[in-house]
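J.: Return a 3D structure for these sequence lines:
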Amino acid sequence: MKPPKGYEKGEPGQVCKLVRSIYGLKQASRAWNCALKSFLIRHGYKQSKKDYFMFTKEQNGKQAIILAYVDDLLITGDNLEEIERLKANLDSEFTIKDLRELRFFIGIEVDRNEHGTLLNQRKYILDILKNVGMEDCKIAKFLFPKGMRLSTETGEILAHPEIYRRIVGKLLYLNITRPDISYSVQQLSQFMHCPRKPHLQVALHVIRYLKGTMDWGLYYPRNSELKIEGYSDADWGSCAFSARSLTNYCIFIGQCLVSWKTKKQKTVSKSSTESEYRSMSHTTSELVWVDDIFAKS
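T.: You can find the predicted model right below:
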């Protein structure tokens, strides 16, 4: 690491000696990303312009793909020789631990067979139940209590809001493999600044629902048509406090769901048609992004 600007005691050619580990420093993630990027480019990989954490290399009609999440790397492709060569080079450069066939990645369980791949977060849900102390709770059949309308003004303000924020944060991460809770998480995340007792009750209700559906996840069949399709919808003026609409969309590649979102629109739509067009615009942007990922990877 080079001396910071303004430090004049260092001589030319000198570098900083770290007193502590690089982990925990603000510049650690950027320093690692720069080192990994330069290493992969040096070995013939190209960085995707649509997803900067994806690197690809084509050789003799075969391809190797790398997805990076901080210091966790997911390596896939049909060029097995290149993959083995890359792992050897990575170990020589950085010293890595090879976990072999993918089973578990950043909290996501991967179950594969000859028919397809199932992604779920069963262990993550079990950890949530344990952290909240609801291992023996009753199962809820529906995501939201019937007739529940959350408000920014109704209910007692929580004395310890960090409990609510921690739960919603875990639910946001769980949304990676559970698109069915997307709407509920969007609703709960609106009250992070000042959560109230009814908000916490609904969050705990969602956890009770998850206990009964912890084996659910995303299934990707092995033989699926490579055709990109998108579906969008809008809930016009659904927010009683801001009058803004909700954008909802999901993107499929064949039978495989690859992207989805439920998000409040930035401006107020004056008609249901306007809100639908805004939703279609967001969906189209996501379709173009997914298409570019496949076209240029």
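J.: Spatially central residue for this protein, please.
T.: Centroid-nearest residue in the chain: Ile176, 5.1 Å away (criterion: CA atoms, centre = their mean).
J.: Find me the pLDDT at it, would you?
T.: pLDDT for Ile176: 90.
J.: How about Ser297?
T.: At Ser297, the pLDDT value in this model is 55.
J.: give me every residue that touches the residue nearest to the centre of the chain.
T.: Gly107, Ile108, Gln121 (CB atoms under 8 Å, 6 or more residues apart in numbering). In short, each C-beta sits where N, CA and C put it, glycine included.
J.: Specify which member of those is nearest to Lys5.
T.: Gly107 (38.2 Å; CB to CB).
J.: tally of neighbours for that closest one?
T.: Neighbour count for Gly107, taken as other CB atoms under 10 Å: 14.
J.: list the contacts for the nearest residue to it once chain neighbours are set aside?
T.: Nearest residue to Gly107, sequence neighbours excluded (CB to CB, 6 or more residues apart in numbering): Tyr124, at 4.9 Å. For Tyr124, the contact set (CB under 8 Å, 6+ apart) comprises Gly107, Lys170, Tyr173, Leu174.
J.: Return the residues in contact with the last one.
T.: Under the criterion of CB under 8 Å, 6+ apart, the contact list for Leu174 reads Gln121, Tyr124, Ile125, Ile128, Ile181, Val185, Leu210.
J.: Serialize those to TSV and add fields for secondary structure, distance to Cys194 and pLDDT.
T.: Converted to TSV, the contacts of Leu174 look like this (DSSP: H, G, I helix; E, B strand; the rest coil; distance: CB to CB, whole Å; pLDDT from 0 to 100):
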residue	secondary structure	distance to Cys194	pLDDT
Gln121	coil	29	94
Tyr124	helix	27	93
Ile125	helix	27	94
Ile128	helix	23	93
Ile181	helix	22	92
Val185	helix	18	91
Leu210	helix	25	94
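J.: Provide a ChimeraX selection command restricted to the buried entries of the residues you listed.
T.: Here is the ChimeraX command that picks out the buried ones among those, judged by 16 or more other CB atoms under 10 Å:
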select :121,124,125,128,181,185,210
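J.: need the contacts of Leu174 in JSON lines with distance to Gln63, can you?
T.: Converted to JSON lines, the contacts of Leu174 look like this (distance: CB to CB, whole Å):
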{"residue": "Gln121", "distance to Gln63": "28"}
{"residue": "Tyr124", "distance to Gln63": "31"}
{"residue": "Ile125", "distance to Gln63": "34"}
{"residue": "Ile128", "distance to Gln63": "37"}
{"residue": "Ile181", "distance to Gln63": "34"}
{"residue": "Val185", "distance to Gln63": "35"}
{"residue": "Leu210", "distance to Gln63": "37"}
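J.: returning to that earlier point: what's the spacing between the residue nearest to the centre of the chain and Gly217?
T.: Shown here: Ile176 relative to Gly217, a distance of 10 Å by CB to CB, to the nearest Å.
J.: shared neighbours of those two, which are they?
T.: Gln121.
J.: What is the neighbour count of the nearest residue to Ser259 once chain neighbours are set aside?
T.: The shortest distance from Ser259 to any non-neighbouring residue, by CB to CB, 6+ apart, is to Ile251 (4.0 Å). Neighbours of Ile251 under the rule other CB under 10 Å: 21.
J.: State the distance from Ile251 to Gln187.
T.: Distance from Ile251 to Gln187, by CB to CB: 22 Å.
J.: Please apply the same query to Arg165.
T.: 15 Å.
J.: got it, and Pro198?
T.: From Pro198 to Gln187 the distance is 12 Å (CB to CB).
J.: what do you get for Ser271?
T.: 23 Å.
J.: just Thr262 next, same as before
T.: 9 Å.
J.: got the contact list for Phe252?
T.: Ile228, Glu229, Gly230, Tyr231, Val258 are the contacts of Phe252 under CB under 8 Å, 6+ apart.
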